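Undergrad: What follows is a predicted structure for the sequence shown.
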Amino acid sequence: MEDFSEFVGLSRPTVSKYFNDPSSVRKKTRDAIEEALKKSGFKPNLFAVNLNRRRSNIIGIIIPNALDPFYMALTRRIETIAAEAGFLAFMLSSDGRLEAEDAAVSTLQSMNVAGAIIAPIGTMRRNSPLHVLARDIPLVYVDAPPEEEASFVGSDNRQSFGLIVDYLCRSGEPPCFFGMPEVNRNAAQRRQVYVEAMETANFSPAVLTVSNDLTWDFERFAFEEASRLFENLNELPTRTIVCANDRLAFGVIAAAWQKGLKVGHGAANDLRVAGHDDHPLSQYACPPITTVAQNYNEIGRLAIGLLLKKLGEVDGAEQGLGRDQILLKSDLMLRASA
């Protein structure tokens with residue numbers, strides 16, 4: 001910045017003022033700086049600039065898997081709205097590992113981020129880096145809340161599982177439940193709301209016994225566990241399976257195909273398989289998966305809106321952000337798998 005100021009023939013405060021807000025300097029000064037930028041190729045160091053500010057214009061995002069279409073769609077929506085509000089969204093992946101999540105939190109702290117949107121793994125650990133970060137800057141959680149009182153935007157699991165369980169019970173055998181690894185609060189919560197939905201429908205819940213492997217590789221996990229379960233198909237409590245998420249359903253359907261079992265609705269089929277989330281690839285599975293749809297775009301819009309509200313950038317009342325925890329309703333997507 002010092003070198004560029006000398007090159008353009010202006011004081012450093014004037015040049016700094018231009019970079020903070022080009023419209024704040026006179027047109028003649030602005031034209032001179034922009035001409036010098038073309039000649040020199042100078043670009044200010046965004047991260048150095050933000051380190052010197054009391055509050056930066058960077059918003060952090062931490063997700064468990066950068067390749068998952070759900071998180072990709074969510075991040076894209078957040079980035080777009082953040083940019084419109086004058087913020088840069090910076091995304092890091094924890095890769096489903098607590099040590100990587102801790103490292104990502106440390107990176108956000110070093111960048112002096114204004115706030116962050118987190119899809120957490122595990123549960124909140126006392127005095128963990130994420131817990132410490134929450135004391136310093138506003139955080140909004142998505143996908144799974146780490147604790148009951150945290151700011152959160154996500155699906156209403158009670159409503160969504162009530163919807164899918166009710167449909168499955170009315171259209172055939174009541175479902176047994178294929179749970180996800182205990183990698184976040186969704187695992188226990190979705191199992192519990194399945195149990196409640198079955199009891200509400202006056203059926204006995206049946207939770208399948210699966211491995212306690214703590215993995216985010218849900219497709220492989222479900223394929224291996226379902227392959228084992230299908231060795232003794234007659235021991236299944238029911239021939240209808242509802243999975244805690246669609247990625248598990250992919251693995252269950254693949255295991256059924258390998259065992260020569262037909263998945264679908266009707267007497268000609270051996271199994272019905274349903275999921276949860278409406279993963280972007282669910283409609284292209286074979287057969288397409290009956291599921292309940294999360295509104296990815298709306299989750300992203302509300303999450304960044306709630307964070308901007310906490311940063312004082314938007315009026316919460318005008319944006320419909322009066323609550324600190326927002327649970328969205330899901331829609332039933334009927335397809336050939338169930």
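TA: Received it, and whenever you're ready, just let me know what you need.
Undergrad: For this structure, which segments count as helices?
TA: Ranges of helices in the chain, per DSSP state H, are 2-8, 12-20, 27-40, 46-51, 69-84, 98-110, 129-136, 157-171, 185-200, 218-229, 246-258, 296-310.
Undergrad: how about these in CSV, adding mean neighbour count, distance to A150 and mean pLDDT?
TA: For every residue, glycine as well, the C-beta is placed using N, CA and C. Converted to CSV, these look like this (neighbours: other C-beta atoms under 10 Å; distance: least, C-beta to C-beta, whole Å; pLDDT from 0 to 100):
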stretch, mean neighbour count, distance to A150, mean pLDDT
helix 2-8, 14, 43, 86
helix 12-20, 16, 33, 80
helix 27-40, 13, 43, 88
helix 46-51, 14, 25, 55
helix 69-84, 18, 17, 91
helix 98-110, 17, 15, 92
helix 129-136, 16, 8, 87
helix 157-171, 19, 16, 95
helix 185-200, 19, 10, 93
helix 218-229, 20, 24, 97
helix 246-258, 23, 24, 97
helix 296-310, 22, 11, 92
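Undergrad: Between those helices, which one is closest to S330.
TA: When the helices of the chain are compared by C-beta to C-beta, helix 157-171 sits nearest S330, at 3.8 Å.
Undergrad: what sits up against that closest one?
TA: 174-175, 186, 189-190, 193-194, 196-198, 200-201, 203, 240, 242, 265, 272, 274, 276, 290-292, 294, 327, 329-330, 332, 334, 338 (C-beta atoms under 8 Å, 6 or more residues apart in numbering).
Undergrad: and that helix, C-alpha only, in CSV?
TA: Only the C-alpha atoms of helix 157-171 are listed here, as CSV (Å, rounded to 0.1, in the frame of the first residue of the first chain):
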residue,chain,number,x,y,z
ASN,A,157,-37.4,-33.5,12.0
ARG,A,158,-40.5,-34.2,14.0
GLN,A,159,-42.8,-32.9,11.2
SER,A,160,-40.8,-34.6,8.4
PHE,A,161,-40.6,-38.0,10.0
GLY,A,162,-44.2,-37.8,11.0
LEU,A,163,-45.0,-37.2,7.3
ILE,A,164,-42.9,-40.1,5.9
VAL,A,165,-43.9,-42.6,8.7
ASP,A,166,-47.6,-41.8,8.3
TYR,A,167,-47.4,-42.3,4.5
LEU,A,168,-45.6,-45.6,4.8
CYS,A,169,-48.0,-46.9,7.5
ARG,A,170,-51.0,-46.0,5.3
SER,A,171,-49.6,-47.4,2.1
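Undergrad: Report the inter-axis angle for that helix versus helix 185-200.
TA: 40 degrees (axes from the mean of the first three to the mean of the last three C-alpha atoms, to 10 degrees).
Undergrad: is it true that L208 touches M180?
TA: No: L208 is beyond contact range of M180, at 11.6 Å (criterion: C-beta atoms under 8 Å).
Undergrad: For the closest residue in space to A134 that isn't next to it in sequence, give me phi and psi.
TA: Excluding its sequence neighbours, the residue lying closest to A134 (C-beta to C-beta, 6 or more residues apart in numbering) is A150, at 7.7 Å. For A150, the backbone dihedrals (degrees, to the nearest 10) come out as phi -70, psi 150.
Undergrad: how many neighbours does A150 have?
TA: Residues lying near A150 (other C-beta atoms under 10 Å) number 16.
Undergrad: tell me the contacts of it?
TA: A150 sits next to 124, 134, 139, 141, 325 when contact means C-beta under 8 Å, 6+ apart.
Undergrad: Need the pLDDT of the nearest residue to L98 once chain neighbours are set aside.
TA: Nearest non-adjacent residue to L98, counting by C-beta to C-beta, 6+ apart: G122, 5.8 Å away. G122 is assigned 72 on the pLDDT scale.
Undergrad: I'd say G122 and P181 touch.
TA: No: G122 lies out of contact with P181 (C-beta under 8 Å); the separation is 11.0 Å.
Undergrad: Let me see the confidence value for P44.
TA: At P44, pLDDT is 68.
Undergrad: next one: the one 10 residues further on
TA: In the prediction, the pLDDT value recorded for R54 is 56.
Undergrad: What of P145?
TA: 77.
Undergrad: Please report the distance of it from G154.
TA: As judged by C-beta to C-beta, to the nearest Å, P145 and G154 stand 7 Å apart.
Undergrad: Neighbour count for L208 and M180, which is higher?
TA: The residue with more neighbours, out of L208 and M180, is M180; 23 against 17, by other C-beta under 10 Å.
Undergrad: Grab the nearest non-local neighbour of that one.
TA: Nearest residue to M180, sequence neighbours excluded (C-beta to C-beta, 6+ apart): A244, at 4.0 Å.
Undergrad: The one you found: neighbour count?
TA: 25.
Undergrad: how far away is it from I299?
TA: For A244, the distance to I299 - C-beta to C-beta - is 18 Å.
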